[in-house]
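Colleague: next one to model:
(2 chains)
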2 protein chains.
Amino acid sequence: MNVGILGTGAVGRALAEGFAARGHDVAIGTRDVEALLARTEVDAMGTPPFAEWHEAHKNLAVMTQAEAAAHGELVINATAGIASKEALEAAGRDHLVGKIVIDTSNAIDPSSGFPPSLFVASDDSVGEQLQAAFPEARFVKTWNTMTSALMCNPQAVGGGDHTIPLCGNDEAARTEVAGLLREFGWTDILDLGDITAARGMEAALGLWLRILMTGQTPMFNTKVVR
Amino acid sequence: MNVGILGTGAVGRALAEGFAARGHDVAIGTRDVEALLARTEVDAMGTPPFAEWHEAHKNLAVMTQAEAAAHGELVINATAGIASKEALEAAGRDHLVGKIVIDTSNAIDPSSGFPPSLFVASDDSVGEQLQAAFPEARFVKTWNTMTSALMCNPQAVGGGDHTIPLCGNDEAARTEVAGLLREFGWTDILDLGDITAARGMEAALGLWLRILMTGQTPMFNTKVVR
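Modeller: Below is the predicted model of the structure:
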């Protein structure tokens, strides 16, 4: 499958590696390819420069957001929540029509320091905002509740015995994404229904961050025991 | 130990039963004892009238909030988050000084319908507000992340193999409450440090409610797999 990934940070890279490793044809989209590859500094999240990572992943195409979205039968939003609407505008509405768009973003307010607060209230979410802004795309929110290293490798913690939630308005899209998650080794996929479930999925960041701060490692996930 | 419980809903009742069953001397505090016992209707959360429950638990004393707080070496806030400050004022500042106050509340905005939104932003919590309002009490936030039926009986789901977080500014108080939780059968007690962790613990309600709505049962909890 052709996959277009918007976002070049830790999440975009982890998903690009994961999809490529399973034989999918991945394109990574960014605002300015030359500027991205020229950058040499570690980013605000401590992620090494993209060019350094790309040296080891030369097979993964890097292009503009519009080109990557056009390439993708599946599009993935791996940009920061605060920049996601702009990134999807740049990707081009016409390139999203009818496609599944997996939204991995969180509502981190970058101006709020650490730990960050959210730029949405408890009755709203980035997932809902994006679905409303791009009504012809079929958004599925998932992968936003864990560290990037677990996204395509759930076995790295607790033998993979933990939960990944997903939601979205289109039931067929949710089913298709659940199938992809199973490809990546996820066994407990929790379908939470329509996109308003993104409120809870995004709000879970607060507790996630606190567990990170306390345990000093992002290598954990939650299991819904029932 | 003498335990004063403020709140007569499902949470207050479950904790009263749990503490009494383990031999503690429990007093339940309410605004108006006569009015409480006279009430015959099911409440907004679907909880049966208190008098009906009390028929089966005659040994549990019911008194004013101030009397219950005076009785308690340990005080528990089992009132709704929106009413907690007022309940603790009624309990009396002098009855809280130096005591551990376990705060089980959530920041549910009762005017927001179902599913409810929160009346605090992501950089605030009821736990922090209460600790700031009653600086001489030693607040420990816990028990707010699950249904009341699990609070004193974690084995009722998944053999008890799931997690209870707690937080508070006083380390000795956290340690003492962790000991109580072990009495109740909790095995994975996650100490998240100072009271600002209440932000994440209270924000987790959104996802909890969604899982409740999807699964049509409150009998679940989350395990932090690490």
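
Colleague: can we go C-alpha only for contacts and neighbour counts from here?
Modeller: OK.

Colleague: and chain A, which residues reach chain B?
Modeller: Taking Cα under 8 Å from any Cα of the partner chain as the measure of proximity, chain A contacts chain B at A:117-118, A:121-123, A:157-158, A:161-162, A:192-193, A:197, A:199-201, A:203-211, A:214, A:219-226.

Colleague: now, of those, which are buried?
Modeller: Those of the residues of chain A next to chain B that meet the buried threshold are A:117-118, A:121-123, A:157, A:161-162, A:192-193, A:197, A:199-201, A:203-211, A:219-225, by 16 or more other Cα atoms under 10 Å in any protein chain shown.

Colleague: filter those residues down to the ones in helices?
Modeller: Those of those mapping onto helices are A:Arg199, A:Gly200, A:Met201, A:Ala203, A:Leu205, A:Gly206, A:Leu207, A:Trp208, A:Leu209, A:Arg210, A:Ile211, per DSSP state H.

Colleague: nearest to B:Gln65 among these?
Modeller: The shortest separation between B:Gln65 and any of those is 31.6 Å, and it belongs to A:Leu207 (by Cα to Cα).

Colleague: hmm, the closest one is touching B:Gly200, no?
Modeller: Yes - contact status for A:Leu207 versus B:Gly200: in contact at 3.9 Å, counting by Cα atoms under 8 Å.

Colleague: what about the residue lying closest to A:Phe134 once chain neighbours are set aside, how many neighbours?
Modeller: Leaving aside its sequence neighbours, A:Phe134 sits nearest to A:Arg93 (Cα to Cα, 6 or more residues apart in numbering or on different chains; 7.1 Å). Neighbouring residues of A:Arg93 were enumerated by other Cα atoms under 10 Å in any protein chain shown; the total is 16.

Colleague: for the one 4 residues further on, same thing?
Modeller: Here the count is done by other Cα under 10 Å, and A:Val97 has 14 residues near it.

Colleague: ok, now the one 4 residues further on?
Modeller: Neighbours of A:Val101 under the rule other Cα under 10 Å: 28.

Colleague: tell me what the helix or strand hosting it is packed against?
Modeller: Using DSSP states H and E, A:Val101 sits within strand A:100-103. In terms of contact count using 3 or more Cα pairs under 8 Å, 6 or more residues apart in numbering or on different chains; DSSP states H and E, strand A:100-103 is assigned the packing partners strand A:74-77, strand A:138-141.

Colleague: B:Glu17: which of those is closest?
Modeller: Evaluated over the helices and strands packed on strand A:100-103, closeness to B:Glu17 peaks at strand A:138-141, with 40.7 Å, by Cα to Cα.

Colleague: moving C-terminal of the closest one, what's the next helix or strand?
Modeller: helix A:148-151.

Colleague: give me the contacts around that following helix.
Modeller: Outside of helix A:148-151, the residues within contact range by Cα atoms under 8 Å, 6 or more residues apart in numbering or on different chains are A:Ala10, A:Val11, A:Ala14, A:Leu15, A:Trp143, A:Ala156, A:Val157, A:Phe184, A:Met219.

Colleague: enumerate every residue touching A:Gly200.
Modeller: A:Ser122, B:Ala204, B:Leu205, B:Gly206, B:Leu207, B:Trp208, B:Leu209, B:Arg210.

Colleague: again, 10 Å this time
Modeller: A:122-125, A:192, B:203-211 (Cα atoms under 10 Å, 6 or more residues apart in numbering or on different chains).

Colleague: now, which of those sits nearest A:Glu67?
Modeller: Distances from A:Glu67 to those, taken as Cα to Cα, are shortest for A:Ser125 (27.2 Å).

Colleague: wait, doesn't the closest one sit right on A:Asn106?
Modeller: Yes - in this structure, A:Ser125 is within contact of A:Asn106 by Cα atoms under 10 Å, at 8.5 Å.

Colleague: mutual contacts of those two, please.
Modeller: Overlap between the neighbourhoods of A:Ser125 and A:Asn106 consists of A:Gly81, A:Leu118, A:Phe119, A:Ala198, A:Met201, A:Glu202, A:Ala203, taking contacts as Cα under 10 Å, 6+ apart.

Colleague: okay if I get the residues you listed as JSON lines plus pLDDT?
Modeller: As requested, the shared contacts of A:Ser125 and A:Asn106 are arranged in JSON lines below (pLDDT from 0 to 100):
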{"residue": "A:Gly81", "pLDDT": "98"}
{"residue": "A:Leu118", "pLDDT": "98"}
{"residue": "A:Phe119", "pLDDT": "98"}
{"residue": "A:Ala198", "pLDDT": "98"}
{"residue": "A:Met201", "pLDDT": "98"}
{"residue": "A:Glu202", "pLDDT": "98"}
{"residue": "A:Ala203", "pLDDT": "98"}
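
Colleague: now those in TSV, with distance to B:Glu89?
Modeller: Listed next are the shared contacts of A:Ser125 and A:Asn106 as TSV, based on distance: Cα to Cα, whole Å:
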residue	distance to B:Glu89
A:Gly81	41
A:Leu118	31
A:Phe119	33
A:Ala198	37
A:Met201	35
A:Glu202	34
A:Ala203	30
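
Colleague: test my guess that the residue nearest to A:Phe134 contacts A:Ala137.
Modeller: Yes - in this structure A:Arg93 lies within contact range of A:Ala137 using Cα under 10 Å: 8.4 Å.

Colleague: what about the strands in chain A?
Modeller: Along chain A, the stretches classed as strands by DSSP state E are A:2-6, A:25-30, A:61-64, A:74-77, A:100-103, A:138-141, A:163-166, A:188-191, A:221-225.

Colleague: name the helices or strands packed onto the second one?
Modeller: Strand A:25-30 is packed against strand A:2-6, helix A:10-21, strand A:61-64, helix A:65-71, strand A:74-77, helix A:84-91, with contacts defined by 3 or more Cα pairs under 10 Å, 6 or more residues apart in numbering or on different chains; DSSP states H and E.

Colleague: noted, bye for now.
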